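Enquirer: Return atomic coordinates for the entry below.
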Amino acid sequence: MPKLKNKSGAKKRFRLSGSGKVIMSQAGKRHGMRKRPQKMIRNARGSSIMCEADAKIVRRNFLIYAK
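Expert: Now for the predicted structure:
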């Protein structure tokens, strides 16, 4: 059997922390900032930790060799 490949899109969007949690960038920061409240723009800075239910899906289906 050949090796399974990680999804290229997932490699660009997610990374793992040292403890194995999935880190993602915040959504809603690409365009349309004028319509959004300043509080939302502030809170969406940086990156955040994905909830465990979604992280399990990402690890199992997209980041196959990430442990």
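
Enquirer: how about the nearest residue to the residue sitting nearest the centre point of the chain, chain neighbours excluded?
Expert: The chain has residue 24 as the residue nearest its centroid, 2.6 Å off, counting by C-alpha atoms, centre = their mean. Distance criterion C-beta to C-beta, 6 or more residues apart in numbering; nearest residue to residue 24, sequence neighbours excluded, is residue 50 at 5.1 Å. For glycine as for every other residue, the C-beta is placed from the backbone atoms N, C-alpha and C.

Enquirer: State the pLDDT value of that neighbour.
Expert: pLDDT recorded at residue 50 is 97.

Enquirer: what about it, distance to residue 33?
Expert: Using C-beta to C-beta, to the nearest Å, residue 50 is found at 23 Å from residue 33.

Enquirer: between the two, which one's more packed in?
Expert: residue 50 (17 against 12; other C-beta atoms under 10 Å).

Enquirer: how near is that one to residue 12?
Expert: Distance from residue 50 to residue 12, by C-beta to C-beta: 15 Å.

Enquirer: With residue 59 instead?
Expert: Taking C-beta to C-beta, one finds residue 59 at 16 Å from residue 12.

Enquirer: can you check residue 28 too?
Expert: According to C-beta to C-beta, residue 28 stands 18 Å off from residue 12.

Enquirer: Who has more neighbours out of these two?
Expert: residue 28 (12 against 8).

Enquirer: Mind giving me the packing neighbours of the lengthiest helix in the chain?
Expert: Using DSSP state H to define each element, the chain has its longest helix at helix 52-61. Packing partners of helix 52-61 (3 or more C-beta pairs under 8 Å, 6 or more residues apart in numbering; DSSP states H and E): strand 22-25.

Enquirer: hmm, who's touching the helix or strand just after the strand it packs on?
Expert: Moving toward the C-terminus from strand 22-25, the next helix or strand (DSSP states H and E) is helix 38-43. With contact meaning C-beta atoms under 8 Å, 6 or more residues apart in numbering, helix 38-43 is reached by 26, 28-29, 33.
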